[in-house]
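Peer 1: Build me a structure from this.
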Amino acid sequence: MKKILIVMVVLLIAAAAFIFWLFERSADGVPILVYHRVSDTDTNPTTLKVADFDAQLKYLADNGYHVIAPDDLLDAWENGKTLPANPIVLTFDDGHEDIYKNVFPLLQKYNMRATVFIVTDHIGMKDYLNWDLVRALQAGGFMDFESHTMSYKDLTTLRGDKLWNEIYGSKQAIEWALKKPAKFIAYPEGKYTVDAEETSKECKFRAGFIEDYGLAMNDSNSYVLTRIPVLGSNSHTLLRFQLRLKGSPIFAPIHRFKTDIAEGNPEIADLIFIP
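Peer 2: The predicted model follows:
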């Protein structure tokens, strides 16, 4: 019995030391949040209710977070620009119409800004922003619009000219419509290849983004910057948000482990809880 207690104590100490190391290693990391939809009518699992999004922005404002743009983050890493205390980046994927109806008013309310990654071929389609709204929101100063590719194809299935057209075509469309440089790209569903990274560089994007629960670090590959997904939930939405935000150094490796075993052992993967 005594030996068992000793082993348990050693394991607890080792676990605590490992967790401490994870947080120390990520101390200079910057959270980049990724949202998809904010709506009280849509039932998609990626959709956050308007009141929940409001509560999250209020939490950030009340707890000393300062929203910065991706350019600010890259300027700090590459040129030594000073960042404010508790920097955080807000991003949205896809470019749905609720960006204008529900997100924009709350960004104004809290004087925050967000980067919206748009699928350029979807602009003007039902339930998506149109170019007039995109131009107006870009000019308003609370949003910057960047690339989510041209038609939302799986980049891991594309090669050569097809890959180039999917990435560069979106950059051309944004620059033609908004008369400003398109600097950043978010890969559809976070899927990418080395070819996709290299093509993004050749197209003169400054950075690329995925989803992986972790913090963006100074030594990160700028073309694979991780973002913490914020999803809708039926209960404890703000608590789940806080856990993902504060617990990112722990949940990132857990999520990667869960993803690694999901294909061969889906039953075990389903038992691994991530808020």
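
Peer 1: give the contact list for the residue lying closest to Asp121 once chain neighbours are set aside.
Peer 2: Of all residues not flanking Asp121 in the chain, Ser151 sits nearest, at 4.4 Å (Cβ to Cβ, 6 or more residues apart in numbering). Yep, even glycine has a C-beta here, placed from its N, CA and C like the rest. Going by Cβ atoms under 8 Å, 6 or more residues apart in numbering, Ser151 touches 119-122, 166.

Peer 1: Please repeat the previous calculation with a cut-off of 10 Å.
Peer 2: By Cβ atoms under 10 Å, 6 or more residues apart in numbering, Ser151 lies in contact with 119-122, 165-166, 169-170, 188.

Peer 1: From these, pick the one nearest Ser235.
Peer 2: Nearest to Ser235 among the contacts of Ser151: Pro188, at 29.5 Å, using Cβ to Cβ.

Peer 1: Which element, helix or strand, includes the residue nearest to the closest one when sequence neighbours are not counted?
Peer 2: The shortest distance from Pro188 to any non-neighbouring residue, by Cβ to Cβ, 6+ apart, is to Tyr152 (4.9 Å). Assigned by DSSP states H and E, Tyr152 belongs to neither a helix nor a strand.

Peer 1: Same check on Thr91?
Peer 2: Assigned by DSSP H and E, Thr91 falls in strand 87-94.

Peer 1: starting at the chain centroid, how far to that strand?
Peer 2: Between the centre of strand 87-94 and the centre of its chain there are 6 Å (Cα atoms, centre = their mean, to the nearest Å).

Peer 1: Which among the contacts of Ser151 count as buried?
Peer 2: Among the contacts of Ser151, those scoring as buried are 119-122, 165-166, 169-170, 188 (criterion: 16 or more other Cβ atoms under 10 Å).

Peer 1: Any chance of TSV for those, columns distance to Leu33?
Peer 2: Shown next, in TSV, are these (distance: Cβ to Cβ, whole Å):
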residue	distance to Leu33
Val119	19
Thr120	23
Asp121	25
His122	22
Asn165	30
Glu166	25
Gly169	27
Ser170	22
Pro188	18
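
Peer 1: which of these sit farthest apart?
Peer 2: Based on Cβ to Cβ, the longest span within those runs between His122 and Asn165 and measures 16.0 Å.

Peer 1: Gln108: neighbouring residues, count only.
Peer 2: 12 (other Cβ atoms under 10 Å).

Peer 1: That one against Tyr100, yeah?
Peer 2: No: using Cβ atoms under 10 Å, Gln108 makes no contact with Tyr100, being 11.7 Å away.

Peer 1: Residue ranges in the chain under the pLDDT threshold?
Peer 2: Filtered on pLDDT under 70, the chain yields the residue ranges 1-27.
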